[in-house]
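*Asks:* got a sequence here, can you model it:
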Amino acid sequence: QVQLVESGGGLAQPGGSLRLSCTASGFAFSDYAMSWARQAPGKGFEWVSGIYSDGSDTYYADSVKDRFIISRDNAKNTVFLQMNFLKPEDTALYYCAKPRLPYRVRGGPSDFDYWGQGTQVTVSS
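*Replies:* Just a heads-up that it's a prediction; the model follows:
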């Protein structure tokens, strides 16, 4: 069965960095775009970033553009999110997500069919 396992969250100071990882299994990882999304306390789903199956193109929400970098290693079935210049408003539960359609690189909750368990990111001084 499909499994997505995130890691790398934690506490960071404003202006700091964290690197999230998501290791996938149970599907042809290298055939699928992958995304990161987040949900902050009291707020809804927010798509954060997506990457094409071969890593050739990346996309970012305006809220994280120029601060976050998404990448992937298809040999290790892993997608990463390097988060730099963190802000308190980045505090959220971060999920990696597999799209229903292999080429879907961004979207709303219904565009994704599998999610990891989430990893908490807290940005605070």
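*Asks:* centroid residue for the chain?
*Replies:* residue 36 (2.1 Å; C-alpha atoms, centre = their mean).
*Asks:* what sits opposite that residue in the beta ladder?
*Replies:* Judged by DSSP bridges, the bridge partners of residue 36 are residue 49, residue 96.
*Asks:* so it makes contact with residue 45?
*Replies:* No - at 11.6 Å, residue 36 and residue 45 do not qualify as touching, with contact defined as C-beta atoms under 8 Å. Bear in mind the C-beta positions are built from the backbone N, C-alpha and C, glycine included.
*Asks:* gap between the residue nearest to the centre of the chain and residue 75?
*Replies:* Residue 36 sits 20 Å away from residue 75, going by C-beta to C-beta, to the nearest Å.
*Asks:* now swap in residue 85 and tell me
*Replies:* Here residue 85 is placed at a distance of 29 Å from residue 75 (C-beta to C-beta).
*Asks:* which of these two has more residues huddled nearby?
*Replies:* When residue 85 and residue 75 are compared for neighbours, residue 85 comes out ahead with 13 against 8, by other C-beta atoms under 10 Å.
*Asks:* residue 31 and residue 44, how far apart?
*Replies:* 29 Å.
*Asks:* pick out whichever of these two has more residues nearby.
*Replies:* The neighbour count for residue 31 versus residue 44, taken as other C-beta under 10 Å, is higher for residue 31 (11 against 8).
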